[in-house]
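S.K.: model the structure of this input:
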Amino acid sequence: MLVTRFDPFAEIRELEKRLLGAVDLPAKGEKEVVNAFVPTVNTREDENAYVVEVDLPGVKKEDIKVNIDPEKRTLTISGERKFKEEVKKEDYYKVESSYGKFMRTFSLPENVDAENIDAKTEDGVLTVTLPKVKKEEKEVKEIPVK
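M.R.: Predicted coordinates:
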């Protein structure tokens, strides 16, 4: 029998691949420019918690929202990366930074303690810690047969 480790975020990553693969970019020569800010996300799990790290360079903490929907069991991270001041000179004009609104949603496993979720931002990285519910080890109780 093949044993694989449960990955609570596998479905989200697969959906993300399908959705991002369906985006149509303008053909060569078209003047329309697509500026979409899609932050990269790293997820990991240890014995005590799930951790979601989102790269948000240039995004102020006031522009980030982290929401939990207990009914749908989802974590949603959204916000906006604001357009920085443009640099215009006589002989060139260039902007390579992506900007705009973003939203990422993740399904939560059953063993997440939704009451104690912590979110903090430091050096352009948002870290959301989703602690696991501690399972109480119950003693095996023997029932006498009468």
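S.K.: buried residues in the helix or strand encompassing residue 75?
M.R.: In this structure, residue 75 sits in strand 74-81 according to DSSP states H and E. By neighbour count with 16 or more other C-beta atoms under 10 Å, strand 74-81 contains the buried residues 75, 77, 79-81. (Each C-beta comes from the backbone N, C-alpha and C, glycine too.)
S.K.: now do stretch 121-140
M.R.: 121, 126, 128, 130-132.
S.K.: could you pull out the strands for this protein?
M.R.: With strands called from DSSP state E, the chain shows them at 41-45, 49-55, 64-69, 74-81, 100-107, 118-122, 125-131.
S.K.: adding mean pLDDT and distance to residue 142, write these out as TSV.
M.R.: Below are the strands of the chain laid out as TSV (pLDDT from 0 to 100; distance: least, C-beta to C-beta, whole Å):
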stretch	mean pLDDT	distance to residue 142
strand 41-45	92	35
strand 49-55	94	35
strand 64-69	93	41
strand 74-81	90	42
strand 100-107	88	39
strand 118-122	94	41
strand 125-131	95	33
